[in-house]
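Asks: Dropping the sequence and predicted coords here.
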Amino acid sequence: MSGDVCIVGVGIHPFGRTDGLSGLEQGVFAVREALADAGIDWPQIQFAYGSSDAAGNPDTMVERLGLTGVQFINVRNGCAAGGSALFSAQMAIKSGEFDIGLAVGFDKHPRGAFNALPSEYNLPEWYGDAGYMITTQFFAAKIMRYMHEHGISQTSLARVANKAFRNAVHAPHAWRREPVDMETILEAPLVSDPYTKYMFCSPAEGGVALILASEKKARELGKPLVRLKAATMRTRPPKSFEVFAPSIDIGGGKATATQIASADAFRMAGIGPEDIALAQLQDTECGAEIMHMAENGFCKDGEQEAWLAQGRTEIGGSLPVNTDGGCLACGEPIGASGLRQVYENVVQLRGDGGGRQVPGNPKTAYSHVYGAPGVSAVTILER
Amino acid sequence: MHVIAQGLITEDNPPHLIGGRERDTGRVVFPCPTGDRYEQVALSRTGTLWSYTIQRYRPKSPPYKGPEAFRPWAVAYVELPGEVIVESRLTDIAFEDIRIGMPLELTMIPLDPDAADPVMIPAFRPAGDAA
């Protein structure tokens, strides 16, 4: 295939809680919106990759969309599921086998923290009995160490949450769209120190669909060319510090899957962090956004304190981060979450961001997910 | 003593945590995995606090087997010098006095302090000057 893989259609079902609508139905809603956006009908879709962690088999949506006999492959890959679906869709077109296809992700999780069992993670039963199978505990211990090593304050954590809810006011697909002031965030009950309840995202519901096409097909459709310059998915290196870790190697916690996925994505795209106009970085909790600013190469460890105080990651800043409020404001339906970031980047590159539009006609956008058990997926879009 | 699982601590008094040393690489992990790749090793009883948090809400059951009546507890990652960083409870210290880097030593505490024959779990407490 010559040219780039392009994103020619995007659709989203609003994130949050939608009683009476299954996760799959929210995925179907997003697909229909993406088809309309691309100006095509379902029978034109040549292949699909679908991701869902807890809301059933994505391929069963053919019953709703039409029994065209289309190739439809299900992807289950933890928090990188959406990114993996997108990567696979991209490769299907790059191979020359197909011209146009779909990456769709949706999910619907019960309220409250994710309920993990030791046996699902190759861990002994006592680890769960003692109360350690808790994602919030890990995230809190991880940022506590990072704050100690790099001089990050709890005020900086609060700035991230405050920005998320402010940005989400202008994002119709976001869940929590009311601004929350700094004082309220800092004085809210602690969930796991140093995080208060506003500093964690919640499991949620939602669906996202992206239609990908070869550059030739994209030109035929007459859509603005949003090019997928890189899509990577990587797993953890030695000495990483991941969720549900009864022990860590000495000197551990510094090497991450994100660093590998990010470096490889920049290499493929042939550009560097300084060339990125806006970024969606995994922010399942405030500290994640802060650590991921450095892990993705946008700043050095510790510089985030000044970046946040100076507003550099605000919509009008030098590197706007999580322009739709990210996971903190949208919640995290695992199968859809990574694709939401790419949806938001397409909206921004088309200039359709409304009240949250990044000024200056941005040409490049970056997305990053990270999750259990040490997986990361990155994309770079260019217009 | 009714320990939460077999193979976690040695039978010495006071006990040591039992880690696993990977035969090929010398890398130490906790707990000791089953199989031939790892040999059991008694870990240091003392170390320093690497990181921590406070568990402020009752974990879901299953899998949590702690008491229904919940009181927040501290969970620590403790660096055992030259060996490994282990996850454990942190005890005998007020939450506001916890400091990364503080010296700690191994002890055993009940999962449910009100139980008649409590299940015991590993914990670390302040050691030396910090005690």
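Replies: All right, it came through fine. In this text, all values refer to a predicted model and were calculated from it rather than measured experimentally. Numbering: from 1, shown residues only, chains lettered A, B, ... in the order given.
Asks: how close does the residue in the stretch 251-383 of chain A that chain B sits nearest to sit to residue B:96?
Replies: For the stretch 251-383 of chain A and chain B, the shortest gap (C-beta to the nearest C-beta) falls at residue A:252, measuring 6.6 Å. For glycine as for every other residue, the C-beta is placed from the backbone atoms N, C-alpha and C. Distance, residue A:252 to residue B:96, by C-beta to C-beta, to the nearest Å: 27 Å.
Asks: check which helix or strand covers the residue of the stretch 51-200 of chain A found nearest chain B.
Replies: Relative to chain B, the nearest point of the stretch 51-200 of chain A is residue A:128 (2.8 Å; C-beta to the nearest C-beta). According to DSSP states H and E, residue A:128 maps onto helix A:125-129.
Asks: so what does the helix or strand following that helix touch, helix or strand wise?
Replies: Later in the chain than helix A:125-129, the nearest helix or strand by DSSP H and E is helix A:135-150. Other helices and strands packing on helix A:135-150, by 3 or more C-beta pairs under 8 Å, 6 or more residues apart in numbering or on different chains; DSSP states H and E, are strand A:190-192, strand A:195-196, helix A:286-295, strand B:46-55, strand B:73-80.
Asks: okay, residue A:252 and residue B:96: which has more neighbours?
Replies: residue A:252 (20 against 6; other C-beta atoms under 10 Å in any protein chain shown).
Asks: My read is that that one contacts residue B:85, right?
Replies: Yes: using C-beta atoms under 8 Å, residue A:252 is in contact with residue B:85, at 6.6 Å.
Asks: In space, what's closest to the most centrally placed residue in chain A - neighbours in sequence excluded?
Replies: What sits nearest the mean C-alpha location of chain A, by C-alpha atoms, centre = their mean, is residue A:338, with 3.0 Å. The shortest distance from residue A:338 to any non-neighbouring residue, by C-beta to C-beta, 6 or more residues apart in numbering or on different chains, is to residue A:82 (3.2 Å).
Asks: What parts of chain B come near chain A?
Replies: By the rule C-beta under 8 Å from any C-beta of the partner chain, the part of chain B lying against chain A is B:4-5, B:8, B:19, B:27-31, B:50-57, B:59-60, B:62-66, B:73, B:75, B:77, B:79, B:82-87, B:89, B:95, B:100, B:111, B:119, B:121.
Asks: where along the stretch 51-200 of chain A do the helices fall?
Replies: Using DSSP state H, counting those that start in this stretch, the helices of the stretch 51-200 of chain A run over A:62-65, A:81-94, A:125-129, A:135-150, A:154-168, A:182-187.
Asks: buried stuff in the longest one?
Replies: Applying a neighbour-count criterion of 16 or more other C-beta atoms under 10 Å in any protein chain shown, the buried positions in helix A:135-150 are A:135-147, A:150.
Asks: And for the first one?
Replies: Neighbour-count burial for helix A:62-65 flags A:62, A:65 (criterion: 16+ other C-beta under 10 Å).
Asks: can you check the third one too?
Replies: Along helix A:125-129, the positions that meet the burial threshold by neighbour count (16+ other C-beta under 10 Å) are A:126, A:127, A:128, A:129.
Asks: Going by secondary structure, residue A:218 is in what exactly?
Replies: Element membership for residue A:218 (DSSP H and E) is helix A:215-221.
Asks: and the angle for the next helix or strand after that helix with helix A:81-94?
Replies: Using DSSP H and E, the helix or strand that follows helix A:215-221 in sequence is strand A:226-235. Between strand A:226-235 and helix A:81-94, the angle comes out at 120 degrees (axes from the mean of the first three to the mean of the last three C-alpha atoms, to 10 degrees).
Asks: by contact count, what packs against strand A:226-235?
Replies: Packed next to strand A:226-235, using 3+ C-beta pairs under 8 Å, 6+ apart, are strand A:5-16, helix A:81-94, helix A:257-269, helix A:334-350, strand A:375-382.
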